[in-house]
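[1] Could you work out the structure for the sequence below:
(chains A and B)
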Amino acid sequence: MQPLRTKLFKGMNLTVFSLVMVFLYIPILILIIFSFNDARIVTGWQGFTLKYYKQLFQNRTIQEAFWNTMLIAGLSTLISTALGILTALGLENKRFTGRKGVLALIYTPLMMPDILMGVSLALLFNFTRVNTGMFTVLIAHITFCISYTAIVIQSRLEGFDYSLVEAAADLGARPSYIFWKIKFPLMMPGIIAAALLSFTLSIDDFIITFFTSGRGFDTLPIYVEGTIRRGTITTINSLSTLMIGFTLLLVVLTKRVRKIIISAM
Amino acid sequence: MADIILQNVSKDFGSFRAVDGVNLTINSGELFSFLGPSGCGKTTLLRMIAGFEIPSDGSIMLGQTEITDQAPYKREVNTIFQNYSLFPHMNLYDNVAFGLRVKKVAKAEIRDRVHEMLKLVKMEDQAQKFPNQISGGQKQRIAIARALINKPRVLLLDEPLAALDLKLRQHMLIELMNIHDAVGITFIYVTHDQSEAMSISDRLAVMNKGRIVQSGPPDDIYERPASIFSAYFIGDTNMIRGEVTAVHEDYLELNCPDGEGNYFDIDSCFQDAPEVGEHIMLSLRPEKIAISRKKPKEQDDINFVKGQIEDILYLGTHTQYIVRVGQLKFRVFSQHKRVYFDDEAPDWEEEVWLFWHDSDTWQIDFKESDILEAEELDEVSGMRRYLKRGKS
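    Here you go, the predicted structure:
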């Protein structure tokens, strides 16, 4: 016979768990179902259709927004990861006097509200009279991604076993050889994690992009917001479904990609 | 021929002097050990030979070349690290091949030499495994192969067996000796374990507080310790203080206080010539002492002392008796060989005779300041009290 309290807790655990799952996944499920619904507005099930997917592939604006998103995400990931690696390596030196200050500067953007970052960047671009567009969005994305990449890679380096560097030097390897054959491969998991993080952050950023993109340069989140504002939700449903699929694929692939990259080093 | 010559080598870390003016010559092909408690500077000394630390003072020679400030990757010296430091992202083959790849040796030669090395350490069938898939003993073997493949002049081993359990440690010790015989290069071995150092070394140096206290072959250091520190750090010992009453050509006569107003007379060997009336300190190893209820036959070269058993510790291979002689406590190791004695083993509180050959008592260098250090090393409290009393 279990005490009453344990039973109660068990029941509560299950209830809370179920509620969380329901609120998390039911809306997504509804969205997926309705992307196949043959109705202009969400009223009820009107029959199965793929026409909104077809529209998606015929819509020039969506495609342009998609490629913009990918371009920004790809470039900002590449650049912010590279800068993150350099920052982390720089912060390795514990005797570097400005270390704590730099660390604080890197951590701050993580806690800063996006809107603050967006507005301040917009003001900066306005003040320096830089034309908003792809370039400014890219700069903005690199700016907020660096914090994440630097921190992820730096925390990975924190646990690095420096006796491996000594062992390699002992075996006759010069510093540059040690970096490329020992240190870099062992940093790789951290680098991949950082790159994936900045890629996802860049893809779904809305607020900062909104403030720095100006007119004529739309990423997917900006496009989605604009379309919903105008009331046409149907293509958005199918677009979102595709994005969910893409995310799932990424999750599945990540583990494999990591293994492949590491074993290739 | 000398392989490593250390001249007045010192190393400071801030205000702490880790190594203090070490002078030493290590011969080619020798298995040399640095032995000492943690923090005595032995690892720092090894790291200076490897090139991971630069001496604050003095010079290091490798054969004819000075290597004092040379970068580690330029030295013909390889190291076995305490935690092995195998590269976790490479399989065992690539780990062993690392040194040759750095030197851009031809592929076919790398393959041959790696296989030869893996065979030497008996790991040839595991080449494709990764370091996290093998045991500690196997990691050790790979670390040895990875170092030896570079054909170094000197192999440095930094407490290589510390992470292994007792049985494996004994086994690896023998393997290390076999490998040393097979490759014939100089091994420099660092350890805090005196039995390891004694069994493996051709010569060893006992270190304390950054200095070499004594160096020489293991049996020499054990039988004729130069100071209280060597006597206590290698093995156990009994300290006896006495006043010289007569000096003969090869032995001394001494009169020793037991701390309760009584005296006993013994004979002893000596290292530097003391004078009559001088107070000296003697070391007597516990296993040199025989113990018996009956007084043995008088003989010229045997010392006798009568005491009372205070404690008996059965230790399997031998029994340790603590025997009280006045305020003195003698530690005696007695092996279980009944053939030597006509009676049963002595019991608690019994009166017994302790006797030993007078050449087994050995005069050691003694400074009052050494006593504190000896205290830390000795767990028989009676000795401690006696030594302190002797001071006043």
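[2] Show the contacting residues for residue B:332.
    By CB atoms under 8 Å, 6 or more residues apart in numbering or on different chains, the contact set of residue B:332 is B:286, B:289, B:291, B:320, B:321, B:322, B:323, B:354. All C-beta spots, glycine's among them, are computed from the backbone N, C-alpha and C.
[3] no no, residue B:78
    So residue B:78 contacts A:170, A:171, B:99, B:147, B:148, B:150, B:152, B:154, B:155, B:156 (CB under 8 Å, 6+ apart).
[4] What residues does chain B have near chain A?
    B:50-52, B:71-74, B:77-79, B:81, B:83, B:85-89, B:98-99, B:102-103, B:146-147, B:150 (CB under 8 Å from any CB of the partner chain).
[5] Which members of these are positioned in helices?
    B:50, B:98, B:99, B:102, B:146, B:147 (DSSP state H).
[6] Neighbours of the nearest residue to residue B:51 once chain neighbours are set aside, how many?
    Using CB to CB, 6 or more residues apart in numbering or on different chains and skipping residues adjacent in sequence, the residue nearest residue B:51 is residue B:72, 3.4 Å away. The burial count assigned to residue B:72 is 22, neighbours taken as other CB atoms under 10 Å in any protein chain shown.
[7] ok, now residue B:243?
    16.
[8] Bridged to residue B:311, which residues?
    In this entry, residue B:311 is beta-bridged to residue B:322, by DSSP bridges.
[9] picking up where we left off before, hang on, isn't the residue nearest to residue B:51 packed against residue B:52?
    Yes: taking contacts as CB atoms under 8 Å, residue B:72 lies within contact range of residue B:52: 6.0 Å.
[10] And residue B:347, what's its pLDDT?
    With respect to pLDDT, residue B:347 scores 84.
[11] Once you drop chain neighbours, what's closest to it?
    residue B:309 (7.0 Å).
[12] what is in contact with residue B:72 and residue B:52 at once?
    A:166, A:169, A:170.
[13] give me the element the first one is part of.
    It stands for residue A:166. Using DSSP states H and E, residue A:166 maps to helix A:163-170.
[14] so, in contact with chain B or not, that helix?
    Yes: applying CB under 8 Å from any CB, one finds helix A:163-170 in contact with chain B at A:163, A:164, A:166, A:167, A:168, A:169, A:170.
[15] List the residues that contact the first one.
    By CB under 8 Å, 6+ apart, the contact list for residue A:163 reads B:81, B:83, B:85.
[16] Am I right that residue A:169 is in contact with residue B:72?
    Yes: Residue A:169 sits in contact with residue B:72 when judged by CB under 8 Å, with a separation of 4.4 Å.
[17] what residues do those two have in common as contacts?
    Joint contacts of residue A:169 and residue B:72 (CB under 8 Å, 6+ apart) are B:51, B:52.
[18] From chain A, how far off is residue B:280?
    Remark: distance between residue B:280 and chain A (CB to the nearest CB, to the nearest Å) = 47 Å.
[19] ok, that residue - how many residues close by?
    21.
[20] Mind checking what secondary structure it has?
    Following DSSP: H, G, I helix; E, B strand; the rest coil, residue B:280 is assigned to strand.
[21] So it versus residue B:359, what's the distance?
    16 Å (CB to CB, to the nearest Å).
[22] Ok, residue B:56 next?
    43 Å.
[23] Next, the residue nearest to the spatial centre of chain A: phi, psi?
    Chain A has residue A:200 as the residue nearest its centroid, 1.9 Å off, counting by CA atoms, centre = their mean. Recorded main-chain torsions at residue A:200 are phi -70, psi -40, according to degrees, to the nearest 10.
[24] Need the residues of helix A:163-170 next to chain B in CSV (columns: pLDDT).
    Formatted as CSV, the residues of helix A:163-170 next to chain B follow (pLDDT from 0 to 100):
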residue, pLDDT
A:163, 92
A:164, 94
A:166, 93
A:167, 95
A:168, 95
A:169, 94
A:170, 94
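[25] In terms of distance to residue B:331, which of those residues ranks first?
    residue A:163 (40.4 Å; CB to CB).
[26] in the stretch 251-392 of chain B, which spans are strands?
    Taking DSSP state E, counting those that start in this stretch as the test, the strands found in the stretch 251-392 of chain B are B:252-257, B:263-268, B:279-284, B:290-292, B:302-314, B:318-325, B:328-335, B:351-357, B:361-364.
[27] Now mean pLDDT too, for those strands, in TSV please.
    As requested, the strands of the stretch 251-392 of chain B are arranged in TSV below (pLDDT from 0 to 100):
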stretch	mean pLDDT
strand B:252-257	90
strand B:263-268	88
strand B:279-284	88
strand B:290-292	89
strand B:302-314	91
strand B:318-325	91
strand B:328-335	89
strand B:351-357	92
strand B:361-364	88
